[in-house]
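*Asks:* One predicted model, sequence on top.
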Amino acid sequence: MSQLVVNFSGNERAIPAPVTVAGAIKEFDRDVLKKTLAAKVNGEDVDLNKELSATDQIISIEPITADTRDGLEVIRHSAAHLFAAALLDLFPGTKLGVGPALMDDPRYGFYYDVIAPRNLTEDDLPVIEKKMKAMAKQNLPYRREEIEKARVLDIFAERDEPLKRELIDEKAGDNASIYYIDNSEFIDFCLGPHVPHTGKLKAFKLLALSGAYWKGDAANQQMQRIYGTAFATQEELDAWTKQREEAEKRDHRKLGRELDLFSISDEFGQGLILWHPKGGIIRNEMERLLREELENRGYSFVYTPHIAKRDLWVTSGHEGNYADSMYSPTSIEDEEYRLKPMNCPFHIGIYKSSPRSYRDLPQRYSEMGTVYRAELSGTLHGIMRVRGFSVDDAHLFVRPDQVHAEVVDCLDFAIKVFETYGFDNVKFELSVRGDAENKGYLGADADWAQAEAQLASALDQRGISYDRIEGEAAFYGPKIDIKIEDAIGRVWQLGTIQLDFNLPERFELEYTAEDNLKHRPFMIHRALFGSIERFFGVLIEHYAGAFPLWLAPVQVAVLPITDRINDYALEIAGRLKGAGFRVETNTKSDKIGAKIRDAQMQKVPFMLILGDKELEEGKIAVRERKQGDIGQMSLEEFLETITQQKLARSL
RNA sequence: GCCACCUUAGCUCAGUUGAUAGAGCAACUGAUUUGUAAUCAGUAGGUCGUCGGUUUGAGUCCGACAGGUGGCUCCA
């Protein structure tokens, strides 16, 4: 009898062959087999029902279990197939595109791009989901076959699946791996692995319907994409659903309205923000923090217009490369002007306004510069993606030998500011020029090498671990992107520190060096928030609207229990205002519970509850927004606490 | 811009098979003077997104457009 030797988690055993992977695992550990979905055999991902034939070599088998990331990926991928199978059953003639598992998108777990005989609507999703559940119950096996490419192409030609054929043609080798599910019309071109049968899929849900271009190219036809998610257990799916509801509660558009922070109205234009007084207070505090840091770090403050002559944008290259995102030109006295989509050319104008010596560098110009971009309507999203926004912009004009120190300072700046907001997890990505690729990179090789080395060494010096991404640099220079993780684990791309070999060249920037010759300065674009509107949106969601004291539009709510106390309340409020705090006094004739509820819903950090007792004793009763009642104290004591919190910008 | 869905009072939403608009909260007025998340009563508030069509009759059916939402492409 032939046999093979299997190494399973360090144990070796001879097993009669042929045997399936599942059969082999069973010889070692029946319990592990129960939660195993697929396996790695000699490092290769395979299905459990793959047959192993006799061999002299030792075969290593590692299980892929449901409780691992690899296992989840198998579940999600299999769920996408189950979806396709259900869809084919309900809508015969549906053409399939691609249907991958999504592992890094917190919103979804998989999708499938399809073209159904009629456009699917949201009402179809529950019907399809029901069919999926019915199929899951039947424990239908997923079967894999490797077939010669030409035959596979014939199969999909017969089934009239032109998109799949295109994929197979492009991706398959001599043989193509296909999957089918028993008792279903479904056949797919796919490497796997999958769960052994549909019964292993216990917790899945269809979520959303959208359009998606074939191969992600807007020039191609648009298909329908159905999003869903799947987990190993119902408990995990429930937890995910709960997390999703939590994110919805934090939606900046909802909170922006409830807390009266900003509004967007079609009357003024899509994607244009009206900052209300309370939003304005927060913005002002955000800018105050920035201003302090900019001053400390030797930046100067500049102000530039919102519009400039068209010729300027020709010189800068925006007319050539960016015109689609710019508002159309407007004319006065036969001269054309365009709204600015970026601030850089203006700062360059300031640099060029007089001759520069090497002693003058670095020049650091900062500006909260408002720019306008003609974004497609479908891309707009609340305050996060708009058509007019302000960039916390700065441009540094530096000598080559200064790049390193300037970048270190930029990194330091970013970390300090984001820490103040309570973002402890700041991620950095260094994007460099990929080798061998020709993306039309500008600038000399030596400059690139030097610039990339300086960015890397700046990151190293500041002790920052970062991801290095080859080939992601802009055509005009390498960059460091800054990303932060918010309170519920979502990652936001914000600022960037970007070297630019293009604009100094285009505008012929120079400075006179010690050798009395003209040299070209390096230019660094630097923004921490990217857009203050967007960052404000991130903050709203990060804090769930409960801004720390230093940012809160109303810092203290003074709540008298009866009308008798109103005068005392106004006196206390007056003293707080005198000390520089933002205070609202509620003298309505509501009960104290209602006043507290009001203040609580407005997420005011501190409430002062004032009744006869407080009036008599000349004290205040303090309620903190999260802790609740924290007892009586003197106004002086309270002032000391909040003054300290405010100055420290405590969270 | 493209695909799907949505649009009724400031906000959140009802409005059955077509018969001249309804609630809660908010606002305002009055009563109440209250001890840690909603006191009671009253008043006011809407060309049902816009335009057109079907119909004796449209918030309701059909069409176009606008805006919004979720995505795609793009992106701060």
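*Replies:* Thanks, I have the structure now.
*Asks:* Give me the phi and psi angles of the residue most central in space within chain A.
*Replies:* For chain A, A:Trp492 is the residue whose C-alpha lies nearest the centre (CA atoms, centre = their mean; 3.7 Å). In terms of degrees, to the nearest 10, the main-chain angles of A:Trp492 are phi -120, psi 130.
*Asks:* Pull the contacting residues for it.
*Replies:* For A:Trp492, the contacting residues are A:Lys483, A:Ile484, A:Glu485, A:Asp486, A:Val538, by CB atoms under 8 Å, 6 or more residues apart in numbering. The way it works is simple: take the backbone N, C-alpha and C, and place the C-beta from them, glycine included.
*Asks:* Helices of the stretch 151-300 of chain A, start to end?
*Replies:* A:162-171, A:234-249, A:252-258, A:277-296 (DSSP state H, counting those that start in this stretch).
*Asks:* and these as TSV, adding mean neighbour count and mean pLDDT?
*Replies:* TSV is the format used below for the helices of the stretch 151-300 of chain A (neighbours: other CB atoms under 10 Å; pLDDT from 0 to 100):
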stretch	mean neighbour count	mean pLDDT
helix A:162-171	16	84
helix A:234-249	13	88
helix A:252-258	18	93
helix A:277-296	16	96
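*Asks:* Nearest to RNA strand B, out of these?
*Replies:* Nearest to RNA strand B among those is helix A:252-258 (5.5 Å), distances taken as CB to the nearest atom of the strand.
*Asks:* Other residues contacting that closest one?
*Replies:* Under CB under 8 Å, 6+ apart, the answer for helix A:252-258 is A:248, A:261-263, A:279, A:382-384, A:536-538, A:540-541, A:544-545, A:601.
*Asks:* same thing with stretch A:507-516?
*Replies:* A:315-316, A:345, A:348, A:351-352, A:355-358, A:360-361, A:397, A:399, A:503, A:518-521, A:523.
*Asks:* Which members of these are positioned in helices?
*Replies:* A:Thr315, A:Ser316, A:Pro345, A:Ile348, A:Tyr351, A:Lys352, A:Leu503 (DSSP state H).
*Asks:* Can you select the buried ones from the residues you listed in PyMOL?
*Replies:* Buried members of the ones in helices among the contacts of stretch A:507-516, defined by 16 or more other CB atoms under 10 Å, are picked up in PyMOL with:
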select buried, chain A and resi 316+345+348+351+503
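*Asks:* and of the ones in helices among the contacts of stretch A:507-516, the nearest to A:Asp123?
*Replies:* A:Ser316 (50.1 Å; CB to CB).
*Asks:* dump the residue contacts of that closest one.
*Replies:* A:Ser316 is in contact with A:Cys344, A:Pro345, A:Ile348, A:Leu503, A:Arg506, A:Phe507, counting by CB under 8 Å, 6+ apart.
*Asks:* Let me know whether the fourth one touches A:Tyr476 as I believe.
*Replies:* Right, A:Leu503. Yes - with contact defined as CB atoms under 8 Å, A:Leu503 counts as touching A:Tyr476 (7.4 Å).
*Asks:* Give me the subset of the ones in helices among the contacts of stretch A:507-516 that also touch RNA strand B.
*Replies:* For RNA strand B, no contacts are drawn from the ones in helices among the contacts of stretch A:507-516 by CB under 7 Å from any atom of the strand.
*Asks:* and the residue nearest to A:Arg625 when sequence neighbours are not counted, how many neighbours does it have?
*Replies:* With CB to CB, 6 or more residues apart in numbering as the criterion, A:Arg625 has its nearest non-adjacent residue at 5.3 Å, and that residue is A:Pro605. Neighbourhood size, A:Pro605 [other CB atoms under 10 Å]: 21.
*Asks:* Report the contact partners of A:Pro605.
*Replies:* Taking CB under 8 Å, 6+ apart as the criterion, A:Pro605 is in contact with A:Ala546, A:Phe547, A:Pro548, A:Leu549, A:Ala552, A:Gln555, A:Val556, A:Glu624, A:Arg625.
*Asks:* avg pLDDT for the host helix or strand of A:Leu411?
*Replies:* For A:Leu411, the host element (DSSP states H and E) is helix A:403-420. Averaging pLDDT along helix A:403-420 gives 94.
*Asks:* Let me know how buried the residue lying closest to A:Leu396 once chain neighbours are set aside is, in neighbour terms.
*Replies:* Distances taken as CB to CB, 6+ apart place A:Ile524 nearest to A:Leu396, at 4.2 Å, with adjacent residues excluded. Counted with other CB under 10 Å, residues neighbouring A:Ile524 total 25.
*Asks:* How much space separates A:Ile524 from RNA strand B?
*Replies:* The spacing between A:Ile524 and RNA strand B, counted by CB to the nearest atom of the strand, to the nearest Å, is 15 Å.
*Asks:* dump the residue contacts of that residue.
*Replies:* A:His395, A:Leu396, A:Val398, A:Val403, A:Glu406, A:Val407, A:Cys410, A:Ile497, A:Gln498, A:Leu499, A:Asp500.
*Asks:* Repeat the analysis, applying 10 Å as the threshold.
*Replies:* Contact analysis of A:Ile524 by CB atoms under 10 Å, 6 or more residues apart in numbering lists A:362, A:364, A:394-398, A:402-403, A:406-407, A:410, A:451, A:455, A:477, A:479, A:497-500.
*Asks:* quick one: it and A:Glu73, what's the gap?
*Replies:* 40 Å (CB to CB, to the nearest Å).
*Asks:* Provide the secondary structure category for A:Glu27.
*Replies:* Secondary structure, DSSP: H, G, I helix; E, B strand; the rest coil: A:Glu27 is helix.
*Asks:* quick revisit: okay, and the beta partners of the residue nearest to A:Leu396?
*Replies:* A:Leu396, A:Leu499 (DSSP bridges).
*Asks:* got it, and A:Tyr180?
*Replies:* What pairs with A:Tyr180, by the bridge criterion (DSSP bridges), is A:Arg143, A:Ile187.
*Asks:* That one: what's it in contact with?
*Replies:* A:His81, A:Ala85, A:Leu140, A:Pro141, A:Tyr142, A:Arg143, A:Arg144, A:Glu145, A:Ile155, A:Phe186, A:Ile187, A:Asp188.
*Asks:* How about A:Asn119?
*Replies:* So A:Asn119 contacts A:Leu209, A:Gly211, A:Gln224 (CB under 10 Å, 6+ apart).
*Asks:* at 7 Å instead, please
*Replies:* A:Asn119 makes contact with A:Gln224, according to CB atoms under 7 Å, 6 or more residues apart in numbering.
*Asks:* Which helix or which strand is home to it?
*Replies:* A:Asn119 belongs to no helix or strand, assigned by DSSP H and E.
*Asks:* pLDDT weak spots in chain A?
*Replies:* By pLDDT under 70, the low-scoring segments of chain A are A:1, A:435-439.
*Asks:* For RNA strand B, what's the nearest residue on it?
*Replies:* For chain A, CB to the nearest atom of the strand, closest residue to RNA strand B: A:Gly378, 1.9 Å.
*Asks:* pretty sure A:Val391 is touching A:Ser531, no?
*Replies:* Yes - counting by CB atoms under 7 Å, A:Ser531 is a contact partner of A:Val391 at 6.0 Å.
*Asks:* and A:Ala405, what does it touch?
*Replies:* With CB under 7 Å, 6+ apart, A:Ala405 has no contacts at all.
*Asks:* Flag every residue of the stretch 401-550 of chain A that's near RNA strand B.
*Replies:* Listed as neighbours of RNA strand B in the stretch 401-550 of chain A under the rule CB under 7 Å from any atom of the strand: A:Gln493, A:Leu494, A:Thr496, A:Gly530, A:Ser531, A:Glu533, A:Arg534.
*Asks:* Report the buried members of those residues.
*Replies:* Buried subset of these (neighbour count, 16+ other CB under 10 Å): A:Leu494, A:Thr496, A:Gly530, A:Ser531, A:Glu533, A:Arg534.
*Asks:* Which ones among those map onto helices?
*Replies:* Counting by DSSP H, those place A:Glu533, A:Arg534 in helices.
*Asks:* What is the most widely separated pair among the buried ones among the residues of the stretch 401-550 of chain A next to RNA strand B?
*Replies:* Maximum pairwise distance among these (CB to CB): 16.4 Å, between A:Thr496 and A:Glu533.
*Asks:* Residues contacting stretch A:10-28, please?
*Replies:* The contact list for stretch A:10-28 (CB under 7 Å, 6+ apart) reads A:1-6, A:8, A:32-33, A:36, A:39, A:41, A:46, A:48-54, A:58, A:61, A:63, A:196.
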